[in-house]
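*Asks:* Here's a sequence, model it:
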Amino acid sequence: MSQIFETERLILREFTIADTSFIIELLNTEDWIRFIGDRNVKNEEQAKLYLENGSFKSYKENGFGLSLVLRKEDQLCIGMCGLLKRKELEIPDLGFAFLPDYQNQGYGYEIANSLLIFAKEKLNISQVCAIIDPENNISILLIEKLGLVFKNKILLNQEELLYYCN
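*Replies:* Numbers count the residues shown, from 1 in each chain. Next up is the predicted model:
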């Protein structure tokens with residue numbers, strides 16, 4: 001398990017195959033399905049494929065990817081956060097999602113703000129974007145609090161999304 005960094009309350013570490021149960025839980029939450037989309041990850045095998053074709057591939061190809069957010073006090077898996085490199089976008093985009101019980105507690109800002117600093121200082125990535133469902137008000141507020149600014153609407157996979165950049 002490769003820890004990326006830690007904050008006052010959280011640890012960001014790379015996903016491992018042992019995290020499949022958490023992936024199934026997170027990807028099947030109401031908010032994930034509503035705002036990100038159903039990824040059809042319902043069992044261990046599908047979760048392994050999701051990790052292998054997503055985070056693991058991105059770690060290898062880009063040196064970054066979506067990673068696991070753990071709460072320091074009890075090592076509980078509460079969400080994911082990271083940068084993605086999509087062929088449709090010129091610059092990496094910030095992604096994050098948390099289990100419902102851990103939303104609205106400042107965890108998203110804490111980990112994402114630290115990730116932006118880490119990206120700039122350690123990965124030499126100074127510009128980051130975010131793409132957000134126009135109805136996802138909680139994520140919009142977080143992205144704006146992080147200092148990203150709305151640029152325009154974009155069409156990605158037949159879906160109109162808001163495009164923000166720092």
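*Asks:* Tell me where the chain has helices.
*Replies:* 20-27, 30-31, 44-51, 57-62, 107-122, 137-145 (DSSP state H).
*Asks:* Please name whichever of those helices is nearest to residue 37.
*Replies:* helix 20-27 (9.5 Å; Cβ to Cβ). Every residue, glycine included, has its C-beta placed from N, CA and C.
*Asks:* What's the mean pLDDT across that closest one?
*Replies:* Averaging the model's pLDDT scores along helix 20-27 yields 98.
*Asks:* Once you drop chain neighbours, what's closest to residue 145?
*Replies:* In space, residue 145 comes closest to residue 109 once its chain neighbours are excluded; the distance is 5.9 Å by Cβ to Cβ, 6 or more residues apart in numbering.
*Asks:* Go ahead and name everything in contact with stretch 105-115.
*Replies:* For stretch 105-115, contacts defined as Cβ atoms under 8 Å, 6 or more residues apart in numbering pick out 5, 7-10, 12, 69, 71, 78-79, 81-83, 94, 96, 98, 142, 145-146.
*Asks:* out of the residues you listed, which are buried?
*Replies:* Those of these that meet the buried threshold are 10, 12, 69, 71, 78-79, 81-83, 94, 96, 98, 142, 146, by 16 or more other Cβ atoms under 10 Å.
*Asks:* what's near enough to touch residue 95?
*Replies:* Here residue 95 is in contact with 66, 80, 81, 82, 83, 84, 130 (Cβ under 8 Å, 6+ apart).
*Asks:* Check residue 101 too.
*Replies:* Residue 101 sits next to residue 78 when contact means Cβ under 8 Å, 6+ apart.
*Asks:* what do you get if the cut-off is 7 Å, keeping everything else the same?
*Replies:* Counting by Cβ atoms under 7 Å, 6 or more residues apart in numbering, residue 101 touches no other residue.
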